[in-house]
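Visitor: show me how the following folds:
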Amino acid sequence: MTEPAMLRPVERRVLAMRDEGVDIDEIARRIDRSPGHVERVIVWTEIPRAGRPARRSPTALGRRVLALRAEGESHDEIGERFRRGPKYIRQVEGLAHYTQGLELLT
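Guide: Residues are numbered from 1 along each chain as shown. Sure thing, here's the model as predicted:
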């Protein structure tokens, strides 16, 4: 079986429920899929994966927003530059910080 760190969240969840002794039909009901789909997911987890999952990094827009914020520009100024609202820019900045944090943890 593939190591748990390389599995998708739904695969880990299905395997955990199966290991707890939950019936396939009940797992399917809980994740809103067919029993056949659940059985396929279990089989897929036994297929070796090529390598570790791709590393996440901030998008190009996220990196640019972080750079502009580091230079002292406000969300409003950056939003005007990219023709977006300040709320959207704050979201992009937050996601960029989050993905940077994920890089630090791996």
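
Visitor: how is this structure partitioned into domains?
Guide: According to automatic domain parsing, the chain comprises the domains 4-44, 60-105.

Visitor: can you put those in CSV and add mean pLDDT?
Guide: Formatted as CSV, those follow (pLDDT from 0 to 100):
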stretch, mean pLDDT
domain 4-44, 93
domain 60-105, 93
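
Visitor: those into TSV, with extra columns for mean neighbour count?
Guide: Where C-beta positions appear, they are placed from N, C-alpha and C, glycine not excepted. Converted to TSV, the domains of the chain look like this (neighbours: other C-beta atoms under 10 Å):
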stretch	mean neighbour count
domain 4-44	14
domain 60-105	15
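
Visitor: need those in a markdown table with distance to residue 50, can you?
Guide: Below are the domains of the chain laid out as a markdown table (distance: least, C-beta to C-beta, whole Å):
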| stretch | distance to residue 50 |
| --- | --- |
| domain 4-44 | 9 |
| domain 60-105 | 20 |
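
Visitor: show me where the protein has helices.
Guide: 9-19, 24-31, 35-44, 60-70, 75-82, 86-105 (DSSP state H).

Visitor: how about JSON lines for the ones you listed, with distance to residue 3 added?
Guide: Converted to JSON lines, those look like this (distance: least, C-beta to C-beta, whole Å):
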{"stretch": "helix 9-19", "distance to residue 3": "11"}
{"stretch": "helix 24-31", "distance to residue 3": "21"}
{"stretch": "helix 35-44", "distance to residue 3": "14"}
{"stretch": "helix 60-70", "distance to residue 3": "29"}
{"stretch": "helix 75-82", "distance to residue 3": "40"}
{"stretch": "helix 86-105", "distance to residue 3": "17"}
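
Visitor: isn't residue 82 right up against residue 89?
Guide: Yes. Counting by C-beta atoms under 8 Å, residue 82 does reach residue 89; the two are 7.2 Å apart.

Visitor: quick one, what contacts residue 22?
Guide: By C-beta atoms under 8 Å, 6 or more residues apart in numbering, the contact set of residue 22 is residue 30.
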